[in-house]
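Enquirer: Okay, sequence plus prediction incoming.
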Amino acid sequence: MATGETTGEVIDAFLDGLWLEQGVSDNTLSAYRHDLQTWMARLESLGRDWRTPGGNTLPDWFDERREAGYQLRSNARLLSSLRRFYRWALGEEMIGHDPLVDVCLPRVRPSLPDTLEEAEVECLLEAPDVSSALGMRDRAMLEVLYGAGLRVSELVGLTTDAVNLRQGVVRVRGKGDKDRLVPLGEEAVVWLQRYLRSARGALMQDITHPALFPGRADRAMTRQTFWHRIKAHARTAGIDRPLSPHTLRHAFATHLLNHGANLRVVQLLLGHSDLSTTQIYTHVAQVRLEALHADHHPRG
């Protein structure tokens, strides 16, 4: 390629090559274009050529971006784009050396899921008014959700024949239509017994319907409806932090690890096919331990 091409033409050639060789999406191409244009503009403001930007130019820019509020993940994505571009330019013999070969990728800490402290979970579980059939149903659902660490979709999809109260287990159909048996815990068993004995019949016209937790017209409750119920009970419990549909599932896993559970056992209970998916909870537990140390240790 001619060395006199403008930076815009070089970027176009790079993106055309990506599209031709790998068929990347328009959104991905737009992201690459934005990153490269931003980098070229940065170099132009410094009076530098993109072929020889200087060893500290990119690390110094990362530092400025962090001070400006950019997240580490944003810098990591930017570096990934630039590395791919310079590898391409090296292959096209537009440069004789990759100037980013020694630039380290910013360390990205995994995004930690929303969770609740154990005391907050207790307040949430106690929020429903169990003097009503709806409140009894919601209490049983919350107890099962937290006691078994289910996904919300797994919870609302439960049928009466999926629960064995004598053995204290529930059969759950998870992702990929894979079944697993999960212990419920004593509290969840107690509340399920109370709910089945005194509330479920009052909520259903046809008690032979298999839905364990009915919504309207004897149908299984939707995920959206249950999520609205959780948020309402969280307000009653005085919990004002952001919650997600998986909050109690995250709390289930984190609290197990906090109390010494084996990571592979937690993996089986959650129904994760890959242990790396479960390992995020070790980070949550570590953050909690660090916070406790900082708050309570005399040298924290």
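Expert: Arrived safely, thanks for sending.
Enquirer: What's the separation between Arg219 and Ala232?
Expert: Separation of Arg219 from Ala232 (Cβ to Cβ, to the nearest Å): 20 Å. Quick note: C-beta positions are derived from backbone N, CA and C, even for glycine.
Enquirer: Next: Arg42.
Expert: Arg42 is 49 Å from Ala232, by Cβ to Cβ.
Enquirer: Look at those two and report which has more neighbours.
Expert: Using other Cβ atoms under 10 Å, the more surrounded residue of Arg42 and Ala232 is Arg42, with 17 against 13.
Enquirer: Could you name the helices and strands sitting against the one helix or strand the more buried one maps to?
Expert: Applying DSSP states H and E as the criterion places Arg42 in helix 26-46. For helix 26-46, the packing partners by 3 or more Cβ pairs under 8 Å, 6 or more residues apart in numbering; DSSP states H and E come out as helix 7-22, helix 57-67, helix 72-91.
Enquirer: neighbours of Arg216, just the number please.
Expert: Neighbours around Arg216, by other Cβ under 10 Å: 10.
Enquirer: any idea which helix or strand carries it?
Expert: If you go by DSSP H and E, Arg216 is not part of any helix or strand.
Enquirer: where's it relative to Leu150, distance?
Expert: 22 Å.
Enquirer: With Asp177 instead?
Expert: Here the criterion is Cβ to Cβ. By it, Asp177 lies 15 Å from Leu150.
Enquirer: Could you check which of these two is surrounded by more residues?
Expert: Leu150 (27 against 6).
Enquirer: Give me the residue ranges of the stretch 201-300 of the chain where confidence is low.
Expert: For the stretch 201-300 of the chain, residues meeting the criterion pLDDT under 70 lie at 263, 265, 268, 271-300.
Enquirer: Do you have the strands of it handy? List them.
Expert: For the stretch 201-300 of the chain, applying DSSP state E, counting those that start in this stretch gives no strands.
Enquirer: Contacts for stretch 129-140, please.
Expert: 125, 128, 188, 191-192, 194-195, 198-200, 202-203, 213-214, 229, 233 (Cβ atoms under 8 Å, 6 or more residues apart in numbering).
Enquirer: So which of those sit within helices?
Expert: Leu125, Ala188, Trp191, Leu192, Arg194, Tyr195, Ser198, Arg200, Ala202, Leu203, Arg229, His233 (DSSP state H).
Enquirer: re the thing from before, select only the buried ones of the contacts of stretch 129-140 in PyMOL?
Expert: Filtering those down to the buried ones (16 or more other Cβ atoms under 10 Å) takes a single PyMOL command:
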select buried, resi 125+128+188+191+192+195+199+200+203+213+214+229+233
